[in-house]
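K.L.:
please work out how this folds:
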Amino acid sequence: MQQQDTHSKLIGYLLWIFGFLGSHRFYYGKPITGTIWFFTLGLFFIGWIIDLFLIPAMDREADQRFTSGKVDYNVAWILLTFFGAFGVHRMYQGKWISGIIYLFTLGLFGLGVLYDFWTLNGQVSEVNSQRA
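P.N.:
Take a look at the predicted model:
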């Protein structure tokens, strides 16, 4: 069985530029270390530099861990990153009600967006499993 490419190394490296805030770690499904990177500036930039070499392994692990399908992880993450407060990433997944709620509450006052940074990979994987 061929492994599906759910995450992109290119997106991972682009997010690594802001990786001292943990963005690439959230993208690859590592919310705990993403949060640690956020509060410690990438473990005082040392972990951030080391991650430059770890991204290929994180990409392979994410490809094995998450389910591919109609909803693309890269699109969902870009929408969350830039339009999360407006719920566009939720509407993209077909979650129209919560997307509209996000739209009128600015992502449930920012807390919903934070929740989605922690759980987006699982949400997309679940939606892709249901549609398979």
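
K.L.:
let me see the domain layout of this protein.
P.N.:
What automatic domain parsing lists as the domains of the chain is 9-65, 73-131.

K.L.:
next, the distance between the ends of the last one.
P.N.:
Domain 73-131 has an end-to-end distance of 15 Å (criterion: C-alpha to C-alpha, to the nearest Å).

K.L.:
what mean pLDDT does that domain get?
P.N.:
Averaged over domain 73-131, pLDDT sits at 96.

K.L.:
contacting residues for the residue most central in space within the chain?
P.N.:
Within the chain, the residue whose C-alpha comes closest to the C-alpha centroid is Y27; the distance, by C-alpha atoms, centre = their mean, is 3.4 Å. Going by C-beta atoms under 8 Å, 6 or more residues apart in numbering, Y27 touches 7, 11-12, 15, 62, 77, 121. Any C-beta I mention is one placed from the backbone N, CA and C, and that applies to glycine too.

K.L.:
for L108, same thing?
P.N.:
By C-beta under 8 Å, 6+ apart, the contact list for L108 reads 101-102.

K.L.:
that older thread, now the residue nearest to the centre of the chain: how far from L21?
P.N.:
Separation of Y27 from L21 (C-beta to C-beta, to the nearest Å): 12 Å.

K.L.:
what of Y13?
P.N.:
Distance of Y13 to L21, computed by C-beta to C-beta: 15 Å.

K.L.:
same deal with Q64?
P.N.:
Q64 sits 26 Å away from L21, going by C-beta to C-beta.

K.L.:
same question, I32
P.N.:
Distance, I32 to L21, by C-beta to C-beta: 15 Å.

K.L.:
out of those two, which sits in the busier spot?
P.N.:
Using other C-beta atoms under 10 Å, the more surrounded residue of I32 and L21 is L21, with 17 against 10.

K.L.:
good, wrapping up.
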